[in-house]
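*Asks:* Build me a model:
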Amino acid sequence: MTLPKTLSDRKADRYNQVFAYELTLTIKPNDELQGKISFSNSLLNHRVRLQIKSNQPFNEMRAGVPFGFITRENNELAEWNKTYSEMPVNVEPFEKIISGVSQDHRLSLFTQDSKEYEYQADNLWITLLATTDSLGKPDLLYRPGRASGDTTKKGHIMMDTPLAQQFEQNVTFNFTLRVDESDVAEGTLHQWKESLLQPSIAYQKQSLNYFVHRIDNKIQSFEQPLSIKAKEHSILDFGDIDTLISSIHRSYYTEEAFIVRFENPTSEAMNLPIAELFKGKTFERINAIEEKQSYTESIEAYSVLTFLIT
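*Replies:* As a prediction, the model looks like this:
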């Protein structure tokens, strides 16, 4: 497509620069839609967004946040100038997953390449790129945030930001879409997100490849033989108990101890059979800096529960 290259071209209605992009869509076996958008930025002072159109208006958005979701609805912007000095905008952040709830279904998007969305009626927009040549402009139609300040106010200066134009830089945006019933459980979407976040792990038989992606110089010999001789070794076995674990790692302060942090990404409290999960182990509840806390087996909504295991 041909678009104005600069702000001056846009004001003069001059369409003088080709903006090319490539969109690849793949339907996965589970009926999810996987997409990839690639382009080289050939314009200045502009924004690129992905628009997704639903067949029903969105009633609300459930935006991903650490350990759960937050529900947002658009604020009414009619007669905004009676309350605000600058026009507010319904542009909001999200973390990896954004889910639009309609009357009969729920459309969810996962991506690690954007953190900003907007919706109106049956349209959802995801920001792919936003560029500017300076911060602190006083003549904006609207100002999303006030990080740079307004140059018409005392104490603020306008600052050139040529690198923020990202001119001729290559941009790639990957995403995955799925559609569910409108009442799909938040835990289901959280597990879907976690499954997409899991990296693909592969091992290379080094004797077959000595020239590409060499790993021999990364392998170090152990100072002493491993004490475990068996092919399998287990220190915890939760069996068929359904749990969500945020992290497992060694303790920073207690020798030969490790940390297990359970996660509840739903809007309702969750109870866990802690004694059964840690059968045969010594355990105590702690916080993020390994301070002892009062014992409980309940995880509050959108929260975590951490234990020190010895």
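*Asks:* CA atoms for contacts and neighbours, from now on please.
*Replies:* Fine.
*Asks:* Would you mind giving the secondary structure of the closest residue to Trp80 other than its chain neighbours?
*Replies:* Spatial nearest neighbour of Trp80, excluding adjacent residues (Cα to Cα, 6 or more residues apart in numbering): Met87 at 6.4 Å. Secondary structure, DSSP: H, G, I helix; E, B strand; the rest coil: Met87 is coil.
*Asks:* Report how many residues lie close to Met87.
*Replies:* Using other Cα atoms under 10 Å, the number of residues around Met87 comes to 15.
*Asks:* Distance of it relative to Ala63?
*Replies:* 23 Å (Cα to Cα, to the nearest Å).
*Asks:* Please apply the same query to Thr24.
*Replies:* Applying Cα to Cα to Thr24 and Ala63 gives a distance of 25 Å.
*Asks:* remind me which residues of the stretch 51-200 of the chain are low pLDDT?
*Replies:* Scanning the stretch 51-200 of the chain for pLDDT under 70 picks out 139, 142-156, 200.
*Asks:* Which parts of it are strands?
*Replies:* 60-65, 68-72, 91-93, 97-101, 105-110, 116-120, 123-130, 134-135, 159-160, 170-181 (DSSP state E, counting those that start in this stretch).
*Asks:* Could you identify which of those is most buried?
*Replies:* Using mean count of other Cα atoms under 10 Å, the stretch among those with the largest mean neighbour count is strand 97-101, at a mean of 24.
*Asks:* where does Ile245 land on pLDDT?
*Replies:* Here the pLDDT value assigned to Ile245 is 89.
*Asks:* Can you report how many residues lie near the residue nearest to it when sequence neighbours are not counted?
*Replies:* Closest residue in space to Ile245, ignoring its immediate chain neighbours: Phe262 at 4.4 Å, by Cα to Cα, 6+ apart. Phe262 has 19 neighbours, counted by other Cα under 10 Å.
*Asks:* for Pro199, same thing?
*Replies:* Neighbours around Pro199, by other Cα under 10 Å: 7.
*Asks:* Next up, the contacts around Val101.
*Replies:* 58-62, 107, 182 (Cα atoms under 8 Å, 6 or more residues apart in numbering).
*Asks:* of the residues you listed, closest to Glu276?
*Replies:* Nearest to Glu276 out of the contacts of Val101 is Arg62 (Cα to Cα; 33.8 Å).
*Asks:* Now the closest one: closest residue in space, sequence neighbours ignored.
*Replies:* Thr71 (4.5 Å).
*Asks:* and that neighbour, how far is that from Glu92?
*Replies:* 11 Å.
*Asks:* Then Thr127?
*Replies:* To Glu92, Thr127 is 10 Å away according to Cα to Cα.
*Asks:* which residues do the two both contact?
*Replies:* With Cα under 8 Å, 6+ apart, Thr127 and Glu92 have common neighbours 116-117.
*Asks:* so who does the residue nearest in space to the middle of the chain touch?
*Replies:* Note on the chain: the residue nearest the mean C-alpha position is Lys96, at 2.0 Å, using Cα atoms, centre = their mean. Contacts for Lys96 (Cα under 8 Å, 6+ apart) come out as 64, 110-112, 114-115, 193.
*Asks:* and of those residues, the nearest to Gln166?
*Replies:* So of those, ranked by how close each gets to Gln166 (Cα to Cα), first place is Ser114, at 15.6 Å.
*Asks:* What is the neighbour count of the closest one?
*Replies:* 19.
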